[in-house]
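Participant: Build me a structure from this.
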Amino acid sequence: MKSPVSIDVNDISWTEPRNKQKILHPVSFNLDPGKILGIVGPNGAGKSTLLRLLYRYQKPSTGVIKIDGKDIWSMSAKKVACIIAAVLQEQITDFALTVREIVALGRTPHKQWFGSLNDLNDEEIIENSLNRLCILKFADRQLNTLSGGERQRVMVARALAQETRLLILDEPTNHLDIRQQLEVLELIKDLPITVVTSLHDLNMAASICDEVLLLKEGHSLAFGHPDNVFCKSKISEAFEVITKQEFLVPSNSKHITFHLA
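Facilitator: You can find the predicted model right below:
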């Protein structure tokens, strides 16, 4: 596994080119190697737009994104694909592929032009990815035979086979049941790479994230440790709800609850 990367984001924004509507206003933050950043906020806050900028799908209208000090737009798309991997809500729909074949797609950025997989090295990386995500037993099954949580593991295994140093996840717990959500969250915490993920559940974000970025209507409201960002005033401002912070017994862990005004 290659070493995780740092992220330096300086005043990036994005304006829709056709109607000139500003979707994301200037945002800045830094993330140390191996840390987990959670991006939270109500629907329409700009979370997915920010993720698309981070994995180089769209170019910022302003500002710079640096990975280990290097502007990602000064690098080739192929080079970026060897560093950054994204697991999106829109998953692979070709159910004819087996789990092993899908995970093997992660090696694509490392192939030479018109080349094939590098035999033993690639096969070892694919096998290790299947093992790490505990899906080796599913390797020869087709994707449509797996549960939602198992499919999510397959997509993360594909990213690991890509030898990613930065993993970007868009709502990884969406449409999963409680157990599957917990499994995915444990998986994210255990990955030895830098992770950026959008999440709807603030309590989940608080439990796994080292840093949190809170967005509303394309603006950054707060960035920092979850204990500092998830204060009653900031949450109420972002989601327009009355917020309470409680301690659960017997775990004595913090828990955020909400209700309408």
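
Participant: Which parts of the stretch 101-250 of the chain are helices?
Facilitator: Using DSSP state H, counting those that start in this stretch, the helices of the stretch 101-250 of the chain run over 119-132, 148-161, 178-190, 202-208, 226-229, 232-239.

Participant: Now do the first one: everything it contacts.
Facilitator: Applying CB atoms under 8 Å, 6 or more residues apart in numbering, the contact partners of helix 119-132 are 99-100, 103-104, 106-107, 110, 117, 136, 139, 157-158, 160-161, 163. Where C-beta positions appear, they are placed from N, C-alpha and C, glycine not excepted.

Participant: Tell me who's in contact with residue 198.
Facilitator: Under the criterion of CB under 8 Å, 6+ apart, the neighbours of residue 198 are 38-40, 47-48, 51, 169-171.

Participant: ok, back up a step: tell me the most buried of the helices of the stretch 101-250 of the chain?
Facilitator: Comparing those on average neighbours per residue, with mean count of other CB atoms under 10 Å, the densest one is helix 148-161 at a mean of 23.

Participant: how distant is that helix from the center of its chain?
Facilitator: Taking the mean C-alpha point of helix 148-161 and that of its whole chain, the gap between them comes to 12 Å (CA atoms, centre = their mean, to the nearest Å).

Participant: Could you pick out the one among the contacts of helix 119-132 with the lowest pLDDT?
Facilitator: The pLDDT minimum for those sits at residue 117, where the score is 55.

Participant: What confidence value was assigned to residue 91?
Facilitator: pLDDT, the model's per-residue confidence, is 60 for residue 91.

Participant: ok, so what distance separates the residue lying closest to residue 169 once chain neighbours are set aside from residue 163?
Facilitator: Nearest-residue entry for residue 169: residue 197, 4.0 Å, with adjacent residues in sequence omitted and distances by CB to CB, 6 or more residues apart in numbering. As for residue 197, its distance to residue 163 is 19 Å (criterion: CB to CB, to the nearest Å).

Participant: just residue 256 next, same as before
Facilitator: The span separating residue 256 from residue 163 equals 36 Å under the rule CB to CB.

Participant: same thing with residue 21?
Facilitator: For residue 21, the distance to residue 163 equals 37 Å [CB to CB].

Participant: what do you get for residue 59?
Facilitator: Distance, residue 59 to residue 163, using CB to CB: 24 Å.

Participant: what's the answer for residue 222, then?
Facilitator: From residue 222 over to residue 163 the distance is 33 Å, taken as CB to CB.

Participant: next one: residue 130
Facilitator: Distance from residue 130 to residue 163, counting by CB to CB: 14 Å.

Participant: What strand or helix carries residue 28?
Facilitator: Using DSSP states H and E, residue 28 sits in strand 22-31.

Participant: Packing partners of that strand?
Facilitator: For strand 22-31, the packing partners by 3 or more CB pairs under 8 Å, 6 or more residues apart in numbering; DSSP states H and E come out as strand 7-15, helix 47-54, strand 62-67, strand 211-216, strand 219-224.

Participant: residues making contact with the last one?
Facilitator: With CB under 8 Å, 6+ apart as the contact definition, strand 219-224 has outside contacts at 25, 27-29, 41, 46, 211-215, 228-229, 234, 237-238.

Participant: can you tell me how far the nearest residue to residue 77 once chain neighbours are set aside sits from residue 69?
Facilitator: In space, residue 77 comes closest to residue 56 once its chain neighbours are excluded; the distance is 6.9 Å by CB to CB, 6+ apart. Distance check for residue 56 against residue 69: by CB to CB, it reads 16 Å.
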